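In: kindly generate the corresponding structure for this input.
(chains A and B)
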Amino acid sequence: MLKRTALFEEHQRLGGRLIDFGGWELPVQYSGVMDEHLACRTTAGIFDVSHMGEFHVEGADAEAYLHYLVSNNVMKLADWQAQYTVLPNEHGGLVDDLIIYRYNKQRFLVVVNASNTDKDFAHFVKIQKQFKGGKADLRVTNESARYSQIAVQGPKAAEIVQKITKTPLAPIKTYWFADGTVLNGIPAVLGRTGYTGEDGFEIYLPWDKGAEVWRALMEAGTPLGLKPCGLGARDTLRLEMKYPLYGHELGDDTNPLEAGAGWVTKLDKTDFVGKAAIVRAKEAGLKRKLIGLRMLDRGIPRQGYAIYTADGAQRIGEITSGTQSPSLKQSIGIAYVALAHSAEGNRITVDIRGQKVAAEIIPTPFYKRPY
Amino acid sequence: MSFPSDLKYTKDHEWAKTEGKTVTIGVTDHAQKALGDIVYVELPAVGRALKKHETFGVVESIKAVSDLYSPIAGKVLEVNTALTDEPAMINRDPHKGAWMVKMELTDPASMSDLMDAQAYTAYVATLK
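Out: Numbers count the residues shown, from 1 in each chain, chains lettered A, B, ... in the order given. The predicted structure is shown next:
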């Protein structure tokens, strides 16, 4: 039996095409990936992301524990600030990537990928048992079933969300959040975060209030061009930004420095889980790099396609994600390529059904928002 | 969804239209809806001989790649090159303007198991 979010009936009513996404019955699209993608880029899109996992980390040692658990510098966070980080395993690979929201030094909300929720929570608990000999003042709980999460993203997102909340949104800067209310006093965490490259909010709500808030946002936003967006558009939007997705760019054996996550991997921290292994790999020499490419000839790169040198002689990498970019009207891909061949401007070829098709390594993000 | 009565259909959601010895082939409205926004098409070379069920090309939506299977045995006479520049025509006009190839039928028996519109409509209804 597939799991359903509190918004399931809204998706049905809106004609969403429902698919099995990691055990969740969720819409891959409503009006069409292209239409939804462009709505999010030009006005706004609304996404049901209630399948994401939410953990609470609380107690006098909460900050120190998270600082040891993840690769980024959690000590740098202020109250009401959010942070993107990866979650390394002991071998220097990645359990997941996630966002940490700090209420205060003793209270954090951690948001993880849906399909990794159980694995991540087991890892959180395992490290909790090791941290300070298991005697830390620390409570780690999996609260995923208690949250509905709605993302509103796009140039008109703030204007739309402001219509359903008295919490002033203008003072909330990118990667900050507020603990507020929506409609008639429904408690809501309003995070100015997202996975699309647009301005926007991720709104965390009590599970059973999800549908009511979704309908209110649709009513407030539809006149401004807001459209419901499915998993398909969510994927093309993140791909245009070269945001990594676990299972594509990230995995249990992924070195974060090779994955372009060096900016959130603070090797100058005293210690964190996996640090020793990441440092060893760095000292031994990184082997590959996550790059962005565009096709020069016809064809769409897809996950798993092999990459060769321009002359086709030597295999040098593999595509992790690819699509026809709805914004750029061009075939683009993300790939791991051997370090020696990974410079921007390098010509390469992608093996598409046996044909080696010309491509070029280009700077990313592929898409830059005009505001 | 309505399927024209002058076309024959396969379980792989291709259609075939016979005019003398020439058979025109495309994908059905059901297929284009299932695929979503089509952004790429690859069609065979003129002159290529195709067996029944042989892969003759590819259509890709933003998310997925799908093979095209020849509903008949025949030889490719003409391909609709306009689709290469405008794959979205398959979403807009799948049963007519977005025909894919015209073939010379080399084995009339290869037509025998194709469904008529009524049978295909019933078949699609079972896929829900």
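In: name the helices or strands packed onto the helix or strand harbouring residue A:360?
Out: Using DSSP states H and E, residue A:360 maps to strand A:355-362. Judged by 3 or more Cβ pairs under 8 Å, 6 or more residues apart in numbering or on different chains; DSSP states H and E, strand A:355-362 is in contact with strand A:288-295, strand A:347-352. Using the backbone N, CA and C atoms, a C-beta is placed for each residue, glycine as well.
In: and whatever helix or strand residue B:122 lives in, what's buried?
Out: Using DSSP H and E, the element containing residue B:122 is helix B:117-125. With burial defined by 16 or more other Cβ atoms under 10 Å in any protein chain shown, the residues of helix B:117-125 counted as buried are B:117, B:120, B:124.
In: how about the helices in the chain?
Out: Picking chain A for this. Secondary structure of chain A, counting by DSSP state H: helices at A:8-13, A:33-42, A:62-69, A:117-130, A:157-162, A:210-221, A:231-240, A:275-284.
In: wait, chain B was what I had in mind.
Out: Secondary structure of chain B (DSSP H): helices located at B:29-35, B:82-85, B:89-92, B:117-125.
In: now the stretch 101-250 of chain A against chain B: closest residue?
Out: With Cβ to the nearest Cβ, the shortest gap between the stretch 101-250 of chain A and chain B falls at residue A:232, namely 5.4 Å.
In: who's in contact with stretch A:62-73?
Out: If you take Cβ atoms under 8 Å, 6 or more residues apart in numbering or on different chains as the criterion, stretch A:62-73 is touched by A:57, A:59, A:74-75, A:83-88, A:98, A:100, A:102, A:105-108, A:110, A:124, A:127-128, A:131, A:136, A:138, A:140, A:256, A:261, A:264-266, A:269, A:271-275, A:278.
In: from these, which would you call buried?
Out: Burial by neighbour count, judged by 16+ other Cβ under 10 Å, picks out A:57, A:59, A:74, A:83-88, A:98, A:100, A:102, A:105-108, A:110, A:124, A:127-128, A:131, A:136, A:138, A:140, A:256, A:261, A:264-266, A:269, A:272-275, A:278 from these.
In: pull the number of nearby residues for residue 64.
Out: Just so you know, I chose chain A. Residues lying near residue A:64 (other Cβ atoms under 10 Å in any protein chain shown) number 18.
In: should've been chain B
Out: By the criterion of other Cβ under 10 Å, residue B:64 has 12 neighbours.
In: so what's it closest to, chain neighbours aside?
Out: Distance criterion Cβ to Cβ, 6 or more residues apart in numbering or on different chains; nearest residue to residue B:64, sequence neighbours excluded, is residue B:35 at 6.9 Å.
In: for residue A:21, same thing?
Out: Leaving aside its sequence neighbours, residue A:21 sits nearest to residue A:231 (Cβ to Cβ, 6+ apart; 5.8 Å).
In: kindly report the same for residue B:66.
Out: Of all residues not flanking residue B:66 in the chain, residue B:59 sits nearest, at 5.3 Å (Cβ to Cβ, 6+ apart).
In: tell me which residue of chain A lies closest to chain B.
Out: For chain A, Cβ to the nearest Cβ, closest residue to chain B: residue A:324, 3.9 Å.
In: is that residue bridged to anything, and to what?
Out: Legend: beta-bridge partners of residue A:324 under DSSP bridges are residue A:331.
In: that one touches residue B:60, doesn't it?
Out: Yes - in this structure, residue A:324 is within contact of residue B:60 by Cβ atoms under 8 Å, at 7.5 Å.
In: between these two, what contacts are shared?
Out: A:300, B:39-40.
In: looking at those residues, which are in strands?
Out: Those of the shared contacts of residue A:324 and residue B:60 mapping onto strands are B:39-40, per DSSP state E.
In: with distance to residue A:68, pLDDT and neighbour count added, can I get the shared contacts of residue A:324 and residue B:60 in a markdown table?
Out: Formatted as a markdown table, the shared contacts of residue A:324 and residue B:60 follow (distance: Cβ to Cβ, whole Å; pLDDT from 0 to 100; neighbours: other Cβ atoms under 10 Å in any protein chain shown):
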| residue | distance to residue A:68 | pLDDT | neighbour count |
| --- | --- | --- | --- |
| A:300 | 42 | 98 | 24 |
| B:39 | 45 | 97 | 24 |
| B:40 | 47 | 97 | 18 |
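In: sounds good, over and out.
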